[in-house]
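Enquirer: Mind looking at a prediction? Sequence and model below.
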Amino acid sequence: MQTPAARKAVLVIHKEHQQLSMVITGMQCLVKLLGAGVDVPRPVMFRSMLFYISEYPEKLHHPKEERYLFARLRHRANDLDKTIDELEEQHAQGKARMRDIEHAFTRYELAGESALPVLREMVDEYAAFSANHRRLEEEVILPAARQWLAEEDWKELAEAFGSNRDPFGGIKEADFGRLFAMIVRTIREH
Ligand SMILES: [Fe+2]
Ligand SMILES: [Fe+2]
């Protein structure tokens, strides 16, 4: 179904995927620069990227997908249920991976270069993991949604993904827009 609500919801999901992908690429660049004798942005930059991912995609994007997209596609077709289970499992796994990367970064700050190879590997693995997750959603879930969702569902989805609510007291989605812009500026400068 290609109504304005469907187009809007799909656009926002794609945009959020692209932003996540850019931030992860930024993390990969940053950990490559660490220890290479280059003047690297302060650790606070890496922590801002971790914060962005754990607060925006993890706490807003993924729950919205589960509630407004996956839940409505369940029981439509067997294969779809399997993919949805896998994607929900990946949402949980992503959180654990973020925690591990944060710990690996702290180890790097405490122990120095000897902790770098593990950190780099974890970030690269997360990048591949997250790219595969987004690809599954874009190539399997969104086409299935076009097939199965009703106009009412699309309207709710567009409303959920287009809103600028304040889900956790103080930090609005617009603030994440500013944080994202700051991350992108830093990536471009290096
Ligand atoms: Fe997802
Ligand atoms: Fe997603």
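Expert: Structure's in. What do you need? Ligands and ions are numbered 1, 2, ... in the order given.

Enquirer: Next to ligand 1, which bits of this structure? Give me the list.
Expert: Within the chain, the positions adjacent to ligand 1 are 62, 65 by Cβ under 5 Å from the ion. C-betas here are computed from N, CA, C, even on glycine.

Enquirer: Of all the helix elements in this protein, which one is longest?
Expert: helix 78-111 (DSSP state H).

Enquirer: right, and the helix or strand after that one?
Expert: helix 116-136 (DSSP states H and E).

Enquirer: can you list the residues that contact the helix or strand following that following helix?
Expert: Scanning forward in sequence from helix 116-136 by DSSP H and E, the next helix or strand is helix 142-148. Defining contact as Cβ atoms under 8 Å, 6 or more residues apart in numbering, one finds that helix 142-148 is touched by 1-2, 6, 10, 13, 69, 72-73, 76-77, 80, 157.

Enquirer: Which of the residues in the lowest-mean-pLDDT helix or strand in the chain are classified as buried?
Expert: The least trusted helix or strand in the chain, going by mean pLDDT, DSSP states H and E, turns out to be helix 173-189, with a mean of 73. Buried residues in helix 173-189, counted by 16 or more other Cβ atoms under 10 Å: 176, 179-180, 183, 186-187.

Enquirer: Equivalent analysis for stretch 105-113, please.
Expert: Quick answer for stretch 105-113 (16+ other Cβ under 10 Å): 105, 108.

Enquirer: Run the chain-centre distance for that stretch.
Expert: In terms of Cα atoms, centre = their mean, to the nearest Å, the centre of stretch 105-113 is found 25 Å from the chain centre.

Enquirer: Any chance you could list what contacts it?
Expert: For stretch 105-113, using Cβ under 8 Å, 6+ apart, the contacting residues are 34-35, 43, 46-47, 50, 115-116, 118-119.

Enquirer: Need the max-distance pair from those residues.
Expert: Distance extremes for the contacts of stretch 105-113: the farthest pair is G35 and L50 at 18.5 Å, using Cβ to Cβ.

Enquirer: ok so, going back, and the buried residues of helix 173-189, which is closest to E65?
Expert: The nearest member of the buried residues of helix 173-189 to E65, counting by Cβ to Cβ, is F176 at 16.4 Å.

Enquirer: low-confidence ranges in the chain?
Expert: 1, 37-41, 163-174, 176, 190 (pLDDT under 70).

Enquirer: Let's see that with 50 instead.
Expert: Along the chain, segments meeting pLDDT under 50 span 166-169.

Enquirer: circling back: how about a markdown table for the contacts of helix 142-148, with neighbour count and distance to L142 added?
Expert: Output for the contacts of helix 142-148, formatted as a markdown table (neighbours: other Cβ atoms under 10 Å; distance: Cβ to Cβ, whole Å):
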| residue | neighbour count | distance to L142 |
| --- | --- | --- |
| M1 | 14 | 12 |
| Q2 | 9 | 12 |
| A6 | 20 | 10 |
| V10 | 19 | 6 |
| I13 | 22 | 7 |
| L69 | 23 | 8 |
| R72 | 18 | 13 |
| L73 | 20 | 10 |
| R76 | 15 | 14 |
| A77 | 13 | 15 |
| L80 | 19 | 12 |
| L157 | 25 | 11 |
